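S.K.: Have a look at this fold, sequence not included:
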């Protein structure tokens, strides 16, 4: 979907049958009154019966009543039959489509169950929030991670009197599923989340990936304001069956439209992250493929290992995002902003 997926009218009239003409009294006979089939197999495939043995010759002048000739299909009959067949096929397709739609409304389609959202497990949130500075240094900036864009010429984004950051995504989105892990890791260094949800991306988009949801969450920080918006929800009974669950404010809508166009994408897409109008992640920082088959708990437990490929991508992306956050918080907190991995990320992004 997807994300996104009219009935067909038919007349309901039955095709008229071709009229069957009965033979006239002389039809089907040979000159002199001989039978038409002349001893050839009749319509049933058998020979016409002759006089019974011992019954004597037939009466003079008697005539056999000819059998009804076999029916023949006229051109009009063939046409009407074809039309009738097409009408039947259309009706069957309509019935199948309506039945499928009704069965999909139960929350499952083709054996696939729609994702649900629940409160994130505290231990999972803690594992993402407690990545140590030393682990950030060990991971550094892996080549598998895409650095965000920067634009120092824009006016700063301020929300609620503090430097602001806006994330816009959709719960169905597989790339958003990956990006949320890096966002939670990075922003937890500057504040704290509460009310985070736990879900997966849409199984109709491909492989479902375990992730967080910002739909009912709040973020608290003395240094900045973070607006985490899940603009669209998850698919409910097939690809594209998602709806808008968190409408955008005028500021969020303007930022999304402005920077999506400015950076050349031409249209708004997911995931979108604007850090103070200076650092913008327009798309995933890494591929979610390493998340395949893993639960939230398994991903969280892997965050303890800086050599784990998925951990390297999550923490490496978080290092870039942390550098962007430091650029709008006045390099606070210093323990994070002076870290060697974050400092290297700031230099790579051209931030001062």
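M.R.: Structure received. Bear in mind that the values here come from a model prediction, so they are computed numbers and not experimental data. Numbering: from 1, shown residues only.

S.K.: going forward, measure contacts and count neighbours with C-alpha atoms only.
M.R.: Noted.

S.K.: Rank the helices and strands of the protein by mean pLDDT and give me the bottom one.
M.R.: Scoring the helices and strands of the chain by mean pLDDT, DSSP states H and E places helix 75-104 at the bottom, with a mean of 50.

S.K.: Strands of the stretch 151-300 of the chain, start to end?
M.R.: Assigned by DSSP state E, counting those that start in this stretch, the strands in the stretch 151-300 of the chain fall at 158-159, 162-170, 192-194, 197-200, 210-213, 218-220, 225-232, 272-275, 279-282.

S.K.: Do you have the helices of the stretch 151-300 of the chain handy? List them.
M.R.: 174-187, 250-262, 296-302 (DSSP state H, counting those that start in this stretch).

S.K.: Mind giving me the packing neighbours of the last one?
M.R.: If I follow you right, that is helix 296-302. Applying 3 or more C-alpha pairs under 8 Å, 6 or more residues apart in numbering; DSSP states H and E, one finds that helix 296-302 contacts helix 122-129, helix 309-326.

S.K.: so which of those helices comes closest to residue 199?
M.R.: Nearest to residue 199 among the helices and strands packed on helix 296-302 is helix 122-129 (12.4 Å), distances taken as C-alpha to C-alpha.

S.K.: got the contact list for that closest one?
M.R.: Contact with helix 122-129 is made by 181, 184, 185, 186, 188, 189, 296, 297, 300, 301, 303, 304, as judged by C-alpha atoms under 8 Å, 6 or more residues apart in numbering.

S.K.: The first one reaches residue 214, doesn't it?
M.R.: Pointing back at residue 181 there. No - counting by C-alpha atoms under 8 Å, residue 181 sits too far from residue 214 to count as a contact (11.2 Å).

S.K.: Let me see the contact set for residue 304.
M.R.: Residue 304 sits next to 127, 131, 311 when contact means C-alpha under 8 Å, 6+ apart.

S.K.: brain fart, residue 277
M.R.: Residues in contact with residue 277, defined by C-alpha under 8 Å, 6+ apart, are 151, 152, 154, 155, 156, 157, 165.

S.K.: Let me have those residues in CSV, extended by distance to residue 218 and neighbour count.
M.R.: Below are the contacts of residue 277 laid out as CSV (distance: C-alpha to C-alpha, whole Å; neighbours: other C-alpha atoms under 10 Å):
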residue, distance to residue 218, neighbour count
151, 27, 17
152, 28, 13
154, 27, 10
155, 25, 10
156, 22, 14
157, 19, 20
165, 13, 26
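
S.K.: ok, of those residues, which one's closest to residue 244?
M.R.: Proximity of the contacts of residue 277 to residue 244, judged by C-alpha to C-alpha, is greatest for residue 165, which lies at 21.0 Å.

S.K.: what are the bridge partners for the closest one, then?
M.R.: Legend: beta-bridge partners of residue 165 under DSSP bridges are residue 226, residue 275.

S.K.: contacting residues for it?
M.R.: 157, 159, 224, 225, 226, 227, 273, 274, 275, 276, 277.

S.K.: Let's see the pLDDT reported for the residue lying closest to residue 290 once chain neighbours are set aside.
M.R.: Excluding its sequence neighbours, the residue lying closest to residue 290 (C-alpha to C-alpha, 6 or more residues apart in numbering) is residue 310, at 5.7 Å. pLDDT, residue 310: 98.
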